[in-house]
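[1] any chance you could fold what I've pasted below:
(chains A, B, C and D)
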Protein chains: 2
Amino acid sequence: MLTAMEERALHERFGALAPLSPKTWKAIVALGSRESLAEGAFFSQPGKPATRFAVVISGLLRHYYLDAKGKESVKAFRGPMELSGPYAEIVQRRPSRTFIEALTDAELFVFEVAAIDEAAETSLELQRLVRRFVEVQFVAKEQREYEFLLLSAEERYRQFCASLPELVQHIPQHQIASYIGITPVALSRIRARGRKRAEKRRP
Amino acid sequence: MLTAMEERALHERFGALAPLSPKTWKAIVALGSRESLAEGAFFSQPGKPATRFAVVISGLLRHYYLDAKGKESVKAFRGPMELSGPYAEIVQRRPSRTFIEALTDAELFVFEVAAIDEAAETSLELQRLVRRFVEVQFVAKEQREYEFLLLSAEERYRQFCASLPELVQHIPQHQIASYIGITPVALSRIRARGRKRAEKRRP
DNA sequence: CCTTTGCCTTAACCCGGGTTAAGAACGACG
DNA sequence: CGTCGTTCTTAACCCGGGTTAAGGCAAAGG
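    Numbering: from 1, shown residues only, chains lettered A, B, ... in the order given. From the prediction side, this is the model:
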């Protein structure tokens, strides 16, 4: 199912998180399945059971909430070799409350949580790998907490541009605004301020 | 070192997260050490190596950042049977960037990360337990992200009161304000609004 | 006892971001 | 080609929260 190149890329990614014997790696490959997701399609939707997660092989995904008034709030963008899935809900064994949408056509390597958990009951290496994945997620969320607590909207925008420079051009601004917790109008103003300052320095 | 009662309480807490054989439990008890922290003392300080975490046996801790202008930003309050420590920095193998301060005299059960990691290399049960702890941390941070993205300051305050009703009375309000990402003045106004509304309903 | 210190509140003023609305630029599609 | 969505921008107005400052209150310490 996976091309040799894809398998190599995944192996490198997983191996960077935790040492993996060839045997464990084979087991992981056997547990996952490659799936395509067309642009605009959903990997997770609120109300549906949260039983699967995936590693992105290619493409770009967006995680977001949708509140009662119809406002979208973007939790994350996930690109190649990153983990995607309603992980908090999986852990809590609750239905998903988040949309995960493909912003571009995407290829995923999908795992059933139940299968991974079962295999991890007898594989310390796998258990450790999952732990590392969760740690990576945790660090990302704590960084986000840091930004909400300490930075202004403008600083959060700069941080975003600095941390995902390739993506900034391709993601619609209202989604970036939502990610940093402001409205599209406010982001437009922030960008205008930035442009004004730039041309002041070099008129 | 631990009283029988403390050990039972810890055992119950750990066992609720993941099944633990008596052998694993003995190993865990042997790895940790009970430490007292006087009110106002620190379990973690920025710049110091992040090599230890702890389970709170009794007392109340506060995790916070301190920025260049001297502003404190509270990340978390942690009470009995909760995990404390600069976990993001531990995972990243970086020096701590967070203060962890005892708000009351506290008893901790402290672990050296290196010792836990080493033991977890040969214990699937321990590896799994650590994973569960990280998952709990992750879910908490994601909940916090949800609140920053979707709720107003007033709603965050209500949520805080609802989720930690016993603590609200005992924690200084400027620390609560910092936790929900506003100033003490703003929190005072929010509380005043609440009082006004309450006496309108029953004058 | 009085002073100090920390905590909370109130008020006045300011500013960043929310809201609403209108328009420009662009691509998709009939 | 025109029309319709979508995205982005700009402007006007409003409001929540930031800032600063002053005062009240209670506990701590001389």
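
[2] state the three-state secondary structure for residue A:107.
    Here residue A:107 is recorded as strand under DSSP: H, G, I helix; E, B strand; the rest coil.

[3] and the nearest residue to residue A:168 once chain neighbours are set aside, how far is that from DNA strand D?
    Of all residues not flanking residue A:168 in the chain, residue A:161 sits nearest, at 5.2 Å (C-beta to C-beta, 6 or more residues apart in numbering or on different chains). In this view, the C-beta of every residue, glycine as well, is placed from N, C-alpha and C. When C-beta to the nearest atom of the strand, to the nearest Å is the yardstick, residue A:161 and DNA strand D sit 13 Å from each other.

[4] quick check: residue A:161 vs residue B:148, distance?
    Between residue A:161 and residue B:148 the distance, using C-beta to C-beta, to the nearest Å, works out to 20 Å.

[5] next one: residue A:73
    Going from residue A:73 to residue B:148 by C-beta to C-beta gives 9 Å.

[6] same question for residue A:58.
    Applying C-beta to C-beta, one obtains 31 Å for the distance of residue A:58 from residue B:148.

[7] residue A:87 too?
    Distance of residue A:87 to residue B:148, computed by C-beta to C-beta: 18 Å.

[8] swap in residue A:193?
    Relative to residue B:148, residue A:193 is positioned 23 Å away (criterion: C-beta to C-beta).

[9] so which of those two has more stuff around it?
    In this comparison of residue A:193 against residue B:148, neighbours counted by other C-beta atoms under 10 Å in any protein chain shown, the higher total goes to residue B:148 at 17 against 11.

[10] so where does the more buried one fall, helix or strand?
    Element membership for residue B:148 (DSSP states H and E) is helix B:124-150.

[11] tell me the buried residues in that helix?
    Residues B:124-142, B:144-150 are the ones in helix B:124-150 that count as buried (16 or more other C-beta atoms under 10 Å in any protein chain shown).

[12] what's the domain layout of chain A?
    Under the assignment named as automatic domain parsing, the residue ranges that make up the domains of chain A are A:4-137, A:151-198.

[13] deepest of these, which one?
    Between these, the one whose residues have the most neighbours on average, counting mean count of other C-beta atoms under 10 Å in any protein chain shown, is domain A:4-137 (a mean of 17).

[14] for chain A, what lies in contact range of DNA strand D?
    The interface of chain A toward DNA strand D, taken as C-beta under 7 Å from any atom of the strand, is made up of A:172-174, A:184-185, A:187-189, A:191-192.

[15] with distance to DNA strand C added, can I get these in TSV?
    Output for the residues of chain A next to DNA strand D, formatted as TSV (distance: C-beta to the nearest atom of the strand, whole Å):
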residue	distance to DNA strand C
A:172	12
A:173	12
A:174	11
A:184	8
A:185	4
A:187	7
A:188	8
A:189	7
A:191	11
A:192	11
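
[16] out of those, which sit inside helices?
    A:173-174, A:184-185, A:187-189, A:191-192 (DSSP state H).

[17] closest to residue A:92 among these?
    residue A:174 (29.5 Å; C-beta to C-beta).

[18] which ones are touching that closest one?
    A:184, A:187 (C-beta atoms under 8 Å, 6 or more residues apart in numbering or on different chains).

[19] for the residue nearest the centre of chain A, list each beta-bridge partner.
    Centroid-nearest residue in chain A: residue A:78, 3.1 Å away (criterion: C-alpha atoms, centre = their mean). Bridge pairing for residue A:78 (DSSP bridges) gives the partners residue A:61.
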